[in-house]
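In: got a sequence here, can you build the structure:
(chains A, B, C and D)
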Protein chains: 2
Amino acid sequence: MSDDLESPVDLGALGNFAGYHLRRAAVAFAANFANAMQTTKIRQVQFGIMSVIAANPGMNQGTVGRALGIQRANMVTLINELVDRDLVARNGSVGDRRVVSLSLTTAGEAALADCITHIVPHEEAMLAHLDAHEREQLIVLLDRIAAVGA
Amino acid sequence: MSDDLESPVDLGALGNFAGYHLRRAAVAFAANFANAMQTTKIRQVQFGIMSVIAANPGMNQGTVGRALGIQRANMVTLINELVDRDLVARNGSVGDRRVVSLSLTTAGEAALADCITHIVPHEEAMLAHLDAHEREQLIVLLDRIAAVGA
DNA sequence: TATTGTTATACTCTATAACTATA
DNA sequence: TATAGTTATAGAGTATAACAATA
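Out: Purely as a prediction, here's the structure:
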């Protein structure tokens, strides 16, 4: 029987790097997210895709992927899953016959709304110990970091 | 020819969730880390393991893993790699003959130091747009989030 | 030639179940 | 019976190369 009361371990140099703290927070967040979304059977990436499609109906598959940092090749399987479950529709484009334009089905819109009702309390739980100003500040700092990738 | 100058895409509900911004920052950080560490041939997790071992010579394999959130089963392969490369040594323990105590070899200590010289400029680059106070604040907020996992 | 979507493939990371040897 | 380490395996996430159709 282990009590989860093991004394905290000295992490050495690791503990001084912001990247480590960022990773631990992101992993905790992702695990809690996955748990909150279990009943919806929709994963992190797929929710992201559906959210972008909802905000931009008819957007190209490639453009959606690029907005989320998902590679063309990996988009295919992800969209296939969503199409198989009748949440997303591939509607051949008008002008350029190479591109595929995406839209949510009625079921997809309902599923997206359902996801949001699951995500809101999850976010609230993860951010419980941050006040409103700290939450804003956090996003500002994270966005400045993410922007370095460009 | 795509100029990387595609106009910013509306992410919908996704953009309002802190979890998304956290994930994007963590991904950017990890990618830059991997790039900075290319020549060392040591990955994120393995650096973490070596750092903990350096700070706690002789610590059990399981305890190291638990400190970093790595499962027993996955520790085996990770440590095997480090042992094969003569960076870590498995030294059977004294009292309990089930446990394996870990330590860095001389080569391992040199490799760890080399890693740090690569990581410091990487961290500096990723945090370039955050002043000293913001960097402290960021870690405080991230740790409060990571603590929710407990 | 360049681009969109596609297929195939591979590597890393993570998670689970079952085994062994010790305790 | 419980624990430390191990083995095997499977599912995601991500990355690259190559192809067809189209521009």
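
In: give me every residue in chain A lying close to DNA strand D.
Out: Remark: the part of chain A in contact with DNA strand D comprises A:1-2, A:43-45, A:69-74, A:77, A:95-98, using Cβ under 7 Å from any atom of the strand. Heads up, the C-betas are built off the backbone N, CA and C, glycines and all.

In: mind redoing it with 10 Å?
Out: Contact residues, chain A versus DNA strand D (Cβ under 10 Å from any atom of the strand): A:1-3, A:6, A:30, A:33-34, A:41, A:43-48, A:68-78, A:81, A:92-99.

In: from those residues, which would you call buried?
Out: Among these, those buried by neighbour count (16 or more other Cβ atoms under 10 Å in any protein chain shown) are A:33, A:44, A:46, A:47, A:48, A:68, A:70, A:75, A:78, A:81.

In: farthest-separated two in those?
Out: A:33 and A:75 (20.7 Å; Cβ to Cβ).

In: ok, the closest residue to residue A:123 other than its chain neighbours to residue A:68 distance?
Out: Nearest non-adjacent residue to residue A:123, counting by Cβ to Cβ, 6 or more residues apart in numbering or on different chains: residue B:17, 5.7 Å away. Going from residue B:17 to residue A:68 by Cβ to Cβ, to the nearest Å gives 13 Å.

In: what helix or strand is residue A:6 located in?
Out: Using DSSP states H and E, residue A:6 falls within no helix or strand.

In: most centrally placed residue in chain A?
Out: Central residue of chain A (Cα atoms, centre = their mean): residue A:44, 4.1 Å from the mean position.

In: sec struct for the closest residue to that one other than its chain neighbours, please.
Out: What sits nearest to residue A:44 in space, not counting adjacent residues and going by Cβ to Cβ, 6+ apart, is residue A:33, at 6.0 Å. Here residue A:33 is recorded as helix under DSSP: H, G, I helix; E, B strand; the rest coil.

In: now residue A:89
Out: Classified using three-state DSSP, residue A:89 is strand.

In: would you agree it is in contact with residue A:83?
Out: Yes - the pair residue A:89 and residue A:83 passes the contact test of Cβ atoms under 8 Å, sitting 6.9 Å apart.

In: in chain A, which spans are strands?
Out: Applying DSSP state E to chain A gives strands spanning A:88-92, A:100-104.

In: distance of the residue of chain A found nearest DNA strand C from DNA strand D?
Out: With Cβ to the nearest atom of the strand as the measure, residue A:62 is the residue of chain A nearest to DNA strand C, at 2.6 Å. Remark: distance between residue A:62 and DNA strand D (Cβ to the nearest atom of the strand, to the nearest Å) = 12 Å.
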